[in-house]
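> can you look at this prediction? I've put the sequence above it.
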Amino acid sequence: MDSKSTQNNSLTDRIKKDLTESRINWKVALLMIPIAFLTYLFHEFGHWIVGEILGNKMILSLNNAAPFSGKYIHESDSAFVLMGGPAFTILQAIIFLIILEKTKSIYAFPAVFFAGFIRFFSILFGGFNLQDEAKISSLLNIGTHTAAAIVLLILFLIIWRSSNILKLNPKAVGYFTVLSVIGALLVIQTDKWIS
């Protein structure tokens, strides 16, 4: 066996060990795909349901919710509809934190983690001014990054609590981040295909 082959085996063995310590098996890894799609839909559903409650006829897709006519009935509806998406994302994280606290199941963690990850990912890479949190801050005149800071702080605290319950180390968070990037990219590409 040459040194390159030995290094590859060593790296493979180390990754397998890390995944085992992180409690990530093939089921958890595959679970990230539907979690990614459902998280995006649940976020958009938050926008949609608030818009509908306020009397606007809304349209819903994988990565968008908007008034059917292109305009809200009342100008103030925009702020409330914008809040609906992040609120539902936080709601998802809280629901799965509660499930995780009761069951101590690693299978609840992807739904908690992806909720926080996707808001961070969107804010960081999706063009900050295009994100709900920036628009909310602007409409409420509360400082450019205030809503983003509040949403991310809440979601990161929920992830931190969940990680502590499961005793996940930083390597596990790193692996869940890689799985989440893959899930997010699959959703984004699928949204482009169907749009």
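Alright, I've got the coordinates. Numbers count the residues shown, from 1 in each chain.
> which residues are contacting stretch 49-62?
37, 40-41, 44-45, 47-48, 65-69, 72-74, 77, 80-81, 83-84, 88, 187, 190-191, 194-195 (C-beta atoms under 8 Å, 6 or more residues apart in numbering). All C-beta spots, glycine's among them, are computed from the backbone N, C-alpha and C.
> going through these, which ones are buried?
Applying 16 or more other C-beta atoms under 10 Å to the contacts of stretch 49-62, the neighbour count classes 37, 40-41, 44-45, 47-48, 65-67, 72, 77, 80-81, 83-84, 88, 187 as buried.
> so of the contacts of stretch 49-62, which ones are in strands?
Among the contacts of stretch 49-62, the members falling in strands (DSSP state E) are A65, A66, P67.
> pick the one among those closest to I136.
A65 (14.8 Å; C-beta to C-beta).
> list the beta-bridge partners for that closest one.
L60 (DSSP bridges).
> can you check the pLDDT for S5?
Listed pLDDT for S5 reads 59.
> point out where the chain drops to low pLDDT.
Where the chain drops to pLDDT under 70, the residues are 1-8.
> helices of that one, start to end?
For the chain, applying DSSP state H gives helices covering 3-21, 26-53, 77-103, 109-125, 132-140, 146-166, 170-194.
> just say which of these is most tucked in.
Highest mean neighbour count among these (mean count of other C-beta atoms under 10 Å): helix 109-125, with a mean of 23.
> how close does the residue lying closest to P110 once chain neighbours are set aside get to G174?
Counting by C-beta to C-beta, 6 or more residues apart in numbering, P110 lies nearest to I35, which is 4.7 Å off, once chain neighbours are set aside. Distance, I35 to G174, by C-beta to C-beta, to the nearest Å: 18 Å.
> also I150?
I150 sits 26 Å away from G174, taking C-beta to C-beta as the criterion.
> distance check, the nearest residue to N64 once chain neighbours are set aside against A147.
Distances taken as C-beta to C-beta, 6+ apart place E44 nearest to N64, at 6.4 Å, with adjacent residues excluded. E44 is 18 Å from A147, where distance means C-beta to C-beta.
> just D18 next, same as before
36 Å.
> what's the local residue count around the closest residue to I99 other than its chain neighbours?
Counting by C-beta to C-beta, 6+ apart, A108 is the residue found nearest to I99 once chain neighbours are left out, at 4.5 Å. A108: 22 surrounding residues under other C-beta atoms under 10 Å.
> now do the contacts for A108.
A108 is in contact with F96, L97, I99, L100, S162, counting by C-beta under 8 Å, 6+ apart.
> run the last query once more with 10 Å
For A108, the contacting residues are L31, I95, F96, L97, I98, I99, L100, E101, K102, S162, I165, L166, by C-beta atoms under 10 Å, 6 or more residues apart in numbering.
> and for S138?
For S138, the contacting residues are A79, L82, N129, T144, A147, by C-beta under 10 Å, 6+ apart.
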